[in-house]
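In: Here is my input, please return the structure:
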Amino acid sequence: MYLINVLTCRMVDVIERSAVCHPSAFADQLRDMGRLHADYAGLSRDSVAAASAARASADCYAIADRIAADNLELAALSFGERLQAFSVAARLQCISRLLQADIAGRA
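Out: Below is the predicted model of the structure:
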């Protein structure tokens, strides 16, 4: 079992827990999120929003690929990658939105 204290942990701790405890589910959910972002990028009429969604999609797929290759280096995650990975990992661990905001504030 991999325990973390959600009252003191950081985003990388939540990401690491998902990568260690359920890597295949984590990678699958990241790919699903990547598809959602890609779909939005394709449908958006706002070029700035579409570009942002395309970057988020690429970040999700990049992290999922690194997890699948067992090559996830948390220190090397970009800010966008860290945000996407944390969002998915927190949902997989049933961390509430309010607590997610608190953890994200600790960076």
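In: Surely residue 81 is in contact with residue 57?
Out: No: assessed by Cβ atoms under 8 Å, residue 81 is found out of contact with residue 57, at 11.7 Å. Where C-beta positions appear, they are placed from N, C-alpha and C, glycine not excepted.
In: For the most centrally placed residue in the chain, pull up the helix or strand it's in.
Out: Residue closest to the mean C-alpha point of the chain, counted by Cα atoms, centre = their mean, is residue 85 at 1.3 Å. Element membership of residue 85 [criterion: DSSP states H and E] is helix 79-92.
In: Could you do residue 103 as well?
Out: helix 97-106.
In: returning to what we had before: so what's the closest residue in space to the residue nearest to the centre of the chain that isn't next to it in sequence up against?
Out: In space, residue 85 comes closest to residue 15 once its chain neighbours are excluded; the distance is 4.7 Å by Cβ to Cβ, 6 or more residues apart in numbering. Neighbour list for residue 15: 74, 77, 82, 85-86, 89 [criterion: Cβ atoms under 8 Å, 6 or more residues apart in numbering].
In: quick one: low-confidence parts of this structure?
Out: 1, 107 (pLDDT under 70).
In: quick one, helices of it?
Out: Using DSSP state H, the helices assigned to the chain run over residues 11-21, 23-43, 47-68, 79-92, 97-106.
In: any chance of those in TSV, plus distance to residue 2?
Out: Shown next, in TSV, are the helices of the chain (distance: least, Cβ to Cβ, whole Å):
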stretch	distance to residue 2
helix 11-21	5
helix 23-43	12
helix 47-68	15
helix 79-92	12
helix 97-106	16
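In: Which one, of these, ends up nearest to residue 5?
Out: Ranking the helices of the chain by proximity to residue 5 (Cβ to Cβ) places helix 11-21 first, at 8.6 Å.
In: Would you mark the buried spots in that closest one?
Out: In terms of neighbour count (16 or more other Cβ atoms under 10 Å), helix 11-21 has its buried residues at 11-19.
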